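Student: I would like the atomic coordinates for the input below:
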Amino acid sequence: MPTYLVNDAGLAHARDLIAARHYVLRSEWGRVQPSAEEENAFLARHSWEEYAAWHLALTDGANDGTKGRYAFVFGDFRRVHRMGIIACHYRAAEWGHKEIELAAHDLLQLLDATRA
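Tutor: Prediction:
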């Protein structure tokens, strides 16, 4: 099983989006999560750095500039999705990636406090 590191750039991007209220509170994450085709289309118009900013984690040992390097996507390349953060939290908790779990938890708390 791969190990993951918290992606500080992704965490900062998510916080910035939440502060700017660029989020979706209710969505069916399985339907709106970016597909491989949508990821490729995004990468055709944006840098790897911009792509990385939509992910909460970096895969330890994977090369920069590859999709395998970035994990735990939390948005649709326009907005943060609350259900995307919850999916990150759940998946990280399920597989024992504690740092990613806690980062997702903190984002969820921030989002919920912002919308209140």
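Student: only C-alpha atoms for contact and neighbour calcs from this point on.
Tutor: Fine.
Student: Do a quick rundown of the strands in the protein.
Tutor: Using DSSP state E, the strands of the chain run over residues 4-6, 23-24, 55-59, 70-73, 80-81.
Student: could you say what helices and strands the lengthiest helix in the chain packs with?
Tutor: Assignment by DSSP state H gives helix 98-115 as the longest helix of the chain. Other helices and strands packing on helix 98-115, by 3 or more Cα pairs under 8 Å, 6 or more residues apart in numbering; DSSP states H and E, are strand 4-6, helix 8-19, strand 55-59, helix 82-95.
Student: what's the most buried one of these?
Tutor: Of all these, strand 55-59 has the most neighbours on average by mean count of other Cα atoms under 10 Å, namely a mean of 24.
Student: Can you name every helix or strand that that strand contacts?
Tutor: Using 3+ Cα pairs under 8 Å, 6+ apart, strand 55-59 sits against strand 4-6, helix 8-19, strand 70-73, helix 98-115.
Student: What separation do you get for Ser27 and Ala87?
Tutor: Per Cα to Cα, to the nearest Å, Ser27 is found 12 Å from Ala87.
Student: any common contacting residues for the two?
Tutor: With Cα atoms under 8 Å, 6 or more residues apart in numbering applied, the contact sets of Ser27 and Ala87 do not overlap.
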